[in-house]
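Undergrad: Provide a 3D model corresponding to the input given below.
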Amino acid sequence: MKDYYEYRNGAFWAILTKGRAVYTAHGTIYEYFQPENMPFAGTKKAESLYMPPNAQKTTYANTCEAEKAAVKLARTKSRDAVKKDAAFWNVAVQINPLLLFFVPGQFAAEELCSLAAGRDGKAFQYVPVKMRTEKICRKALHNSYHALRFIPKNILTDELCKIAVTMHGGALKFVPEKFKTAEICFVAVKSYGFALEYVPKNLMTNKLCTMAVQRNPRALHFVPAELRTRKLCNLAVSDVDIDALLTSKNDDSLRCAFAYIPREFITSRLCLKAIENDLESFKYIPDKFITPKLCRAALEKSVFSLRYIPEKYKTYELCLAAVKKISGVLQHVPQEHKTEELIDAALGQEGSALEFVPAQYKTRERCLAAIQNSANAIAHVPETLKTKDFYREAFSLNAGVFQWLPKELLTAKMCERAVKKDGWALQYVPCEYRTEQCIQRAVRIMGNSLQYLEEKQKTKELCLLAVKSTGPALHYVPWHLRTPEICLAAVKNFYMALEHVPEALKTPELCREALKQCHYDNWAMRYVPYEIKDECLISKK
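TA: The predicted model follows:
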């Protein structure tokens, strides 16, 4: 079974059974919730997924017991839930289109499915196969290239495939082999070098591989051995690798380009060029090419290279110079080099480096100095130092430590000061200190702090104040308050707010307000209703 409930306070509760397991999730209706990830609760894979809030798994002796327990739980949770009728689901799938997963058959009409798929193409996977018409397919694809995966074979055409890969080259992964032409592969690789992974071998050419590596140097991984020439390898390490700056993944397909260069092509000059453009290259340089000169060159390019330099080349002088520039590299300094001089130099640059300071050097004075420089340094202060007086002094030095203070120490004045410094601090303000003035100040500074308020506290005036400060705060505005005035103010502040505008209010005029701000991408176009996209595109031109 599967079921979903919402409550008047803006909370939700969901349940799903699978075999002997019962999965539940709960949170606010404004939290990102992907139902299909519920079965991964408690698994290793959950660490790499957008998991439903508070997802839990309970295992029973058999399927029958699991179903009985689920029905009993759902019956209990349904007592205070709001009525789930057609109007309810119409709003629910507009706030989170992926909730189409839970919509009962009697409400899963074509109109509702079209609405959900149009607002988020990933919801297309939950549209009943018999309702996957060409029109709904196009609406879903207009929003997300991922919808290509779920388009029925009898509807899928080369035109739809082109639309998908034009949106994002990664869509080539979902294009059937029979539609993978030289043209469509070119379009995919031109915008997304990693799409080379999905290009058929018979369509691999020197030109295509060169274009892929120029776009994404790490795409060298997908270049066939016979096409991985010395010239192409030089090209792969010749420019700054933007992928290295934008991704934190460590999976094999995203290793630096240098990792895929044949040994016979590696020279001292190539090593130097590689680390100048991607520091991770240091990890793959053969020992015979690592010299003091290479290490110095790497540090001149970026002190973060200290992470990869072999211990024997890390001199005290070299480490001291590094932490004076970026304190975060203190974690890569050998313990024997962590003197008071070097530690103070690091903390003077950034207090958060306290995390890597040996315990014997964490004195009260040094910890307070670090906190004054960086509020989050308090998370690395020894527990023995955390007295009431210490917390008060830390707050006087930096109001940013507010979230780490014991609740019993808080006063109304402290809450006001914390919120004045950072609107996000509202989430840590106890209810008794959330005065009207405090709330307004927080929302004026950071509109998204609206998410930390109860539904009954969100007035029309406060919501308008929030979206004028931060357009995407529209996501946290109660549905009945998403008026034309508030939606227009949100979109004028920031075009990404268009995603959260009720479909009925997405007029050509409002959509054009969002599109006017999209100078470098077409993100907002994904949320323009499919029916008026051509009209809006013409107006934009």
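
Undergrad: for residue 279, what are its contacts?
TA: For residue 279, the contact set (C-beta atoms under 8 Å, 6 or more residues apart in numbering) comprises 244, 298, 301-302, 304-305, 307-308. For glycine as for every other residue, the C-beta is placed from the backbone atoms N, C-alpha and C.

Undergrad: pull out the buried members of the residues you listed.
TA: Neighbour-count burial (16 or more other C-beta atoms under 10 Å) is assigned, among the contacts of residue 279, to 244, 298, 302, 304-305, 307-308.

Undergrad: who are the contact partners of the residue located most distally from the centre of the chain?
TA: Taking C-alpha atoms, centre = their mean as the measure, the residue most remote from the mean C-alpha position of the chain is residue 288, 39.9 Å away. Counting by C-beta under 8 Å, 6+ apart, residue 288 touches no other residue.

Undergrad: please enumerate the helices of the stretch 401-541 of the chain.
TA: 412-421, 436-445, 460-469, 484-493, 508-515, 533-540 (DSSP state H, counting those that start in this stretch).

Undergrad: quick one: these as CSV, columns for mean pLDDT and distance to residue 223 too.
TA: CSV is the format used below for the helices of the stretch 401-541 of the chain (pLDDT from 0 to 100; distance: least, C-beta to C-beta, whole Å):
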stretch, mean pLDDT, distance to residue 223
helix 412-421, 95, 51
helix 436-445, 95, 49
helix 460-469, 97, 47
helix 484-493, 97, 43
helix 508-515, 93, 38
helix 533-540, 68, 36
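
Undergrad: with mean neighbour count added, can I get the ones you listed in JSON lines?
TA: Shown next, in JSON lines, are the helices of the stretch 401-541 of the chain (neighbours: other C-beta atoms under 10 Å):
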{"stretch": "helix 412-421", "mean neighbour count": "18"}
{"stretch": "helix 436-445", "mean neighbour count": "19"}
{"stretch": "helix 460-469", "mean neighbour count": "20"}
{"stretch": "helix 484-493", "mean neighbour count": "21"}
{"stretch": "helix 508-515", "mean neighbour count": "20"}
{"stretch": "helix 533-540", "mean neighbour count": "14"}
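
Undergrad: for residue 80, find the nearest of these.
TA: Smallest distance to residue 80 across the helices of the stretch 401-541 of the chain (C-beta to C-beta): 25.1 Å, for helix 460-469.

Undergrad: closest to residue 490 out of the buried ones among the contacts of residue 279?
TA: residue 244 (34.9 Å).

Undergrad: ok, which stretches of the stretch 51-200 of the chain are helices?
TA: Per DSSP H, counting those that start in this stretch, the stretch 51-200 of the chain carries helices over the ranges 63-78, 86-95, 110-119, 134-143, 158-167, 182-191.

Undergrad: and the second one, what does it pack onto?
TA: Read that as helix 86-95. strand 2-6, helix 110-119 (3 or more C-beta pairs under 8 Å, 6 or more residues apart in numbering; DSSP states H and E).

Undergrad: contacting residues around the last one?
TA: Right, helix 110-119. Against helix 110-119 from outside (C-beta under 8 Å, 6+ apart): 86, 89-90, 93-94, 97-100, 103, 123-124, 126-128, 131, 133, 135-136, 139-140, 142-143, 147, 499, 503, 527, 529-530.

Undergrad: repeat for the first one
TA: The set of residues external to strand 2-6 that reach it, using C-beta under 8 Å, 6+ apart, is 12-17, 29, 35, 74, 77-78, 81-82, 84, 88, 92, 99, 101-102.

Undergrad: please work out the angle formed by the directions of it and helix 86-95.
TA: Here the directions of strand 2-6 and helix 86-95 differ by 90 degrees (axes from the mean of the first three to the mean of the last three C-alpha atoms, to 10 degrees).

Undergrad: ok, strand 2-6: who's next to it in the sheet?
TA: If you go by DSSP bridges, strand 2-6 pairs up with strand 11-18 (antiparallel).

Undergrad: related to what we said a few turns ago, out of the helices of the stretch 51-200 of the chain, the one nearest residue 464 is which?
TA: Per C-beta to C-beta, nearest to residue 464 of the helices of the stretch 51-200 of the chain: helix 86-95, 19.2 Å.

Undergrad: extract the C-alpha set from that closest one and format it as PDB.
TA: The C-alpha trace of helix 86-95 is given here as PDB (Å, rounded to 0.1, in the frame of the first residue of the first chain):
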ATOM      1  CA  ALA A  86      -9.900  16.400  -6.300                       C
ATOM      2  CA  ALA A  87      -9.200  20.000  -5.100                       C
ATOM      3  CA  PHE A  88      -6.700  18.700  -2.500                       C
ATOM      4  CA  TRP A  89      -4.700  16.700  -5.100                       C
ATOM      5  CA  ASN A  90      -4.800  19.600  -7.600                       C
ATOM      6  CA  VAL A  91      -3.000  21.800  -5.100                       C
ATOM      7  CA  ALA A  92      -0.700  19.100  -3.700                       C
ATOM      8  CA  VAL A  93       0.800  18.200  -7.100                       C
ATOM      9  CA  GLN A  94       1.400  21.900  -7.800                       C
ATOM     10  CA  ILE A  95       3.400  22.300  -4.600                       C
END
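
Undergrad: quick revisit: does the residue farthest from the centre of the chain count as helix, strand or coil?
TA: Judged by DSSP: H, G, I helix; E, B strand; the rest coil, the three-state class of residue 288 is helix.

Undergrad: quick check: pLDDT value at it.
TA: Note on residue 288: pLDDT of 92.

Undergrad: do the same with residue 276
TA: Listed pLDDT for residue 276 reads 86.

Undergrad: might one say that it is in contact with residue 300?
TA: No: with contacts counted by C-beta atoms under 8 Å, residue 276 stays clear of residue 300, the gap being 9.3 Å.

Undergrad: between these two, which has more neighbouring residues?
TA: Taking neighbours as other C-beta atoms under 10 Å, residue 276 and residue 300 compare with residue 276 leading, 19 against 10.

Undergrad: flag every buried residue along the helix or strand in which the more buried one is found.
TA: Secondary structure assignment for residue 276, by DSSP states H and E: helix 268-277. Judged by neighbour count using 16+ other C-beta under 10 Å, the buried positions of helix 268-277 are 270-277.

Undergrad: chain center to that helix: distance?
TA: Put simply, helix 268-277 sits 32 Å off its chain's centre (C-alpha atoms, centre = their mean, to the nearest Å).

Undergrad: angle of whatever helix or strand comes next after that helix against helix 268-277?
TA: Once the chain leaves helix 268-277, the next helix or strand it forms, by DSSP H and E, is helix 292-301. Computed by the same axes, to 10 degrees, the angle separating helix 292-301 from helix 268-277 equals 20 degrees.

Undergrad: show me what helix 292-301 is packed up against.
TA: Secondary-structure packing of helix 292-301 (3+ C-beta pairs under 8 Å, 6+ apart): helix 268-277, helix 316-325.

Undergrad: quick one: it to helix 316-325, angle?
TA: Using the same axes, to 10 degrees: helix 292-301 against helix 316-325 is 10 degrees.

Undergrad: so for helix 292-301, mean pLDDT?
TA: Regarding helix 292-301, the rounded mean pLDDT is 87.

Undergrad: only whichever of the contacts of helix 110-119 are buried, select them in ChimeraX.
TA: In ChimeraX, this line selects whichever of the contacts of helix 110-119 come out buried by 16+ other C-beta under 10 Å:
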select :89,90,93,94,97,98,99,100,103,123,124,126,127,136,139,140,142,143,147,499,527,529,530
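
Undergrad: residues near residue 171, how many?
TA: Neighbour number of residue 171 under other C-beta under 10 Å is 28.
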